[in-house]
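>>> what follows is a predicted structure for the sequence shown.
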Amino acid sequence: MRPLRAVLGGALAVGLLACGGALAAPAGAADCDAPGFARTLHPVQPDATPAHARAHWLDRRLLRWPGTAAAPDTRFRLYHAADATLAVRPGATVQGHDGALDLDVRTAPVPAALAERFGFVGDGVTLETATDDATLSALHRGQSLLVHEDARGQVLDATGLQHAGALDDRYRDAAALPDFGAHPGPGGTAFRLWAPTAQSVALCLYENADDADAPAASVHPLARDAATGSWSTVAPGDLSGRAYLWLVDVFVPGTGIVRNRVTDPYSVALTADSRRSVAFDLDAPALKPDGWDAHAAPTIRAATDQVVYELHVRDFSRDDASVPAAQRGRYAAFAQADSHGVRHLRRLRAAGVTDVHLLPVFDLATVPEVGCIAPGIPDAAPDSDAQQAAVMAVAARDCFNWGYDPLHFNAPEGSFASDAADPAARIVEFRRMVQALHALGLRVGMDVVYNHTSAWGQDPHSVLDRIVPGYYHRYDADGRVGHSTCCANTATEHAMMARLMIDSAELWVRHYRIDSFRFDLMGHQPRAAMLALQARVDAAAGRPVQLLGEGWNFGEVADGARFVQASQLSLGGTGIGSFSDRTRDAVRGGGPSDSGDALHANRGWIHGHADAALLQRQAELVRVGLAGTLRDYRLPDGRALSRIDYSGQPAGFATQPTEVVNYVENHDNQTLFDINAFRLPADADVDARVRAQVLAIATTAFSQGIAYLHAGVELLRSKSLDRNSFDSGDWFNRIDWTGTVHGFGTGLPPAPDNGANWPLMRPLLADAMRIRPGRDDVLRTRDMSLDLLRIRASTPLFRLPDAAQVQARLRFPGADADPELVAGHLDGRGLADAGFSEVLYAINVANEARTLDAPELAGRAWTLHPVHRAPQAADPRPRDAARIDAARGRFTVPPRTAMAFVVAGDAAESPTTEP
């Protein structure tokens, strides 16, 4: 007999409403409008169940309990209670249960597919049940615990269970369901939610979305589909523009049966501050700016044609006085044809930039969409801590964040819209931004963050976990959510999390005309999911949609621990691009986590150090990047790039140049100018800083593969030495497109990520008058950088589409002669549209002229590249100081200079293919 349940209070999570009685009333309007976001209907008994979940459902009938073994005169049982009344204490019998399933110990091996998927689960007893699907489905909709007990039924051990394997198997048909979310039409508005563990689901409908506090107009129960675990209803009429929320009655481990009021994970629009979802048909004419359907997006011939410019929407115009005040920091600023920022984008496009990649523009959790605060920054010394103190005092309430804190994946962020309270505005203005960029000849890419959510559990910003608790995230051996990404790691190895990611990417391509994606921490996602996503977005677009990402290998998934990752060493043959840290670290020196003395000591190839062995090593890694980081590319000495060591990994990892993204600066870590402030000689003047910046950019411009530039790298952008400006406000993240205002020496950067290094920073910032460049220096750097991009754009030889072409056409003359002079020879013979028969590029990081002896190149009609010969060439050194001795194949490269020589014409003969 079940014991009498007490109604308990006072131990519930902040934000939960008061506990209900033993029997929960059906959801009603009061639940739609009540304060808070959840109501506990039946609480768990305090301290009556284990806090961990160490056992795993492998599929709908198999379980594994690692670290536990079968023993004589003991048994395993699965106890369950629909109202979360279980009480399990060692040495006693289980109380408060509705029943128990007797589990058999399985001695046969588990199926190979399950053994592969759950290989990360430790050794232990494997259990199975022959119970029917209906009973198991009911069990997953309440509380359950796996218990090891003796013959008298006394508890020896107990644990919760991780249920993703069972849900993926039992509800596998859900992957083929039509669209989730809200879909208005003239015959009614269809609503669908996947919530297989819910006991009931209801829909709160609000009269309109304009009044965020309007009470619910109606409540609609949803019907459950037993085969898929989804809940659905069709409400009468076209409900476009109507706000809605879900009411989900579901078991939450550690809390009990909870009625969660929650937004839709498939929301395409939201009210201000993401309080309610809004139903829209994204194909509705009212949501499209004039000419949207007919406008043409720019195209590229090959993925290696991409030159990507990484840009934050707010950074683009927040401090641009040429933009109307109401549009600064917003989507609308991109349509201001004569603004300083748009003029700069035109310059970039004319020089060869093909794509603008926007830092996260989906709905964010950390920026108030209404009433965000602009801090008052004091006029303080360049090395003062007062500026950062003012920024950090309101950091949680200000208007800036990078945005790597997703709340809703499928809706545009409202803080960038003209009116966050108008759900349609963000859709129309986002599209108008895309349209404006396309009109400039720039493709549009999105930085997407599917590897984590901003919150989990019963947090107000938790969406997925309040609908299907315990499913969408990745858990450790004790059942705790992993946070190796920074936040609550999602589990895209689970079928419906993968589907959400893939559906989301398709939505952005289909409805917002997104041309490419950058995946944050892509190595935390399965390669198989990324390939499925690639196929889906290509089909939606009717053309290839380029996928780039951070293929870093770390955390609980490292080295393929849970699945084949979408990481650097595992993406060969996929065509998906992965950022390369090889040349980045050689050029900048050290690594992204450098701190303390390493900030000064770990000098890079461009910093003028005299360590001969290190220079050789760095020059070798620069050549790796120039050759597209191709694992099978062979250097003149016959070594494949995969045989060169990079911190215990092969330096060459890509099978094709489309699979590598080359860069020396992005939004993460210190800007190039700032790391150079630590590592250039103490007496370096501004010209030395300009040239170091341009030399670094040259390694990206001349490399095979995809070129990636952080906004402002061509403007000597500084964040006043900030190593992690994600929440450092407008003050430390600003850009001045005119070059008039520079960020160096605007105060010590925020203490949370920089305070330990303030003693090293203070002397540099105090010397800002000497280190900070003037406007002329900034504009000279810009123009020298754009000239390098023009050289890249002038010939497809810098953008070869496959590994065979790179091997056949790229050589490194004089590779072992001088580590401060790296040169590459590109053979254009037989290549249509090559523009030149031959190209010889050279990067000289030495403080004096260096000569390249390449007798194999003698006897050709070598000249300077036309960019250098042009009257408007930004750097006069190639024209004034470079020397060509064509008869002997000798080329003199001026100090601290990157440049190119060419042979005009396009001979019919093709290059040889020997290394």
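Noted; the coordinates are in hand.

>>> shaky segments in the stretch 801-915 of the chain?
The stretch 801-915 of the chain contains residues with pLDDT under 70 at 906-915.

>>> the helices in it, which residues?
Using DSSP state H, counting those that start in this stretch, the helices of the stretch 801-915 of the chain run over residues 803-809, 866-869, 877-881.

>>> out of those helices, which comes closest to residue 850?
Proximity to residue 850 (Cβ to Cβ) singles out helix 877-881 among the helices of the stretch 801-915 of the chain, at 11.6 Å. In this view, the C-beta of every residue, glycine as well, is placed from N, C-alpha and C.

>>> gap between the closest residue in space to residue 853 that isn't next to it in sequence and residue 848?
Closest residue in space to residue 853, ignoring its immediate chain neighbours: residue 890 at 5.6 Å, by Cβ to Cβ, 6 or more residues apart in numbering. Here residue 890 is placed at a distance of 16 Å from residue 848 (Cβ to Cβ, to the nearest Å).

>>> who has more neighbours, those two?
Shown here are residue 890 and residue 848; by other Cβ atoms under 10 Å, residue 890 has more neighbours (16 against 9).

>>> okay, the more buried one and residue 901: tell me how far apart.
Residue 890 is 11 Å from residue 901, by Cβ to Cβ.

>>> which ones are touching the most centrally placed residue in the chain?
Per Cα atoms, centre = their mean, the C-alpha nearest to the average position across the chain is that of residue 520, at 1.7 Å. Residues near residue 520 by Cβ atoms under 8 Å, 6 or more residues apart in numbering: 404, 447, 448, 449, 450, 451, 549, 550.

>>> hmm, try it at 7 Å
For residue 520, the contacting residues are 404, 447, 448, 449, 451, 550, by Cβ atoms under 7 Å, 6 or more residues apart in numbering.

>>> quick one: contacts for the first one?
Read that as residue 404. Neighbours of residue 404 in contact, by Cβ under 7 Å, 6+ apart: 360, 449, 520, 726.

>>> please apply the same query to residue 504.
So residue 504 contacts 409, 410 (Cβ under 7 Å, 6+ apart).

>>> give me the three-state assignment for it.
Following DSSP: H, G, I helix; E, B strand; the rest coil, residue 504 is assigned to helix.

>>> please enumerate the strands of the stretch 551-700 of the chain.
For the stretch 551-700 of the chain, the strands defined by DSSP state E, counting those that start in this stretch occupy 577-579, 645-646, 649-650, 660-662.

>>> got it, and the stretch 51-200 of the chain?
55-57, 62-66, 74-81, 99-105, 124-128, 143-150, 155-159, 161-162, 181-185, 188-194, 198-206.

>>> any chance of TSV for these, columns distance to residue 739, mean neighbour count and mean pLDDT?
What follows is the strands of the stretch 51-200 of the chain, written out as TSV (distance: least, Cβ to Cβ, whole Å; neighbours: other Cβ atoms under 10 Å; pLDDT from 0 to 100):
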stretch	distance to residue 739	mean neighbour count	mean pLDDT
strand 55-57	57	25	98
strand 62-66	60	22	98
strand 74-81	67	21	98
strand 99-105	70	15	97
strand 124-128	63	20	98
strand 143-150	63	22	98
strand 155-159	62	19	97
strand 161-162	55	24	98
strand 181-185	46	20	97
strand 188-194	51	22	98
strand 198-206	49	22	98
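
>>> between the ones you listed, which gets nearest to residue 697?
Among the strands of the stretch 51-200 of the chain, strand 181-185 comes nearest to residue 697, with 43.3 Å by Cβ to Cβ.

>>> helices and strands around the closest one, which ones?
Identification of packing neighbours for strand 181-185 by 3 or more Cβ pairs under 7 Å, 6 or more residues apart in numbering; DSSP states H and E yields strand 188-194.

>>> who does the strand it packs on pair up with?
Counting by DSSP bridges, the strands paired with strand 188-194 are strand 181-185 (antiparallel), strand 230-235 (antiparallel).

>>> CSV please, covering the ones you listed and showing distance to residue 34.
Conversion of those to CSV gives the following (distance: least, Cβ to Cβ, whole Å):
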stretch, distance to residue 34
strand 181-185, 22
strand 230-235, 21
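
>>> nearest to residue 151 among those would be which one?
Using Cβ to Cβ, these put strand 230-235 closest to residue 151, at 42.3 Å.

>>> what average pLDDT does that closest one get?
Per-residue pLDDT over strand 230-235 has a mean of 98.

>>> ok, what's across the strand from residue 408?
Note on residue 408: beta-bridge partners by DSSP bridges are residue 363.

>>> next, count neighbours for it.
Residue 408: 23 surrounding residues under other Cβ under 10 Å.

>>> residue contacts, it?
Going by Cβ under 7 Å, 6+ apart, residue 408 touches 263, 265, 267, 270, 274, 362, 363, 463.
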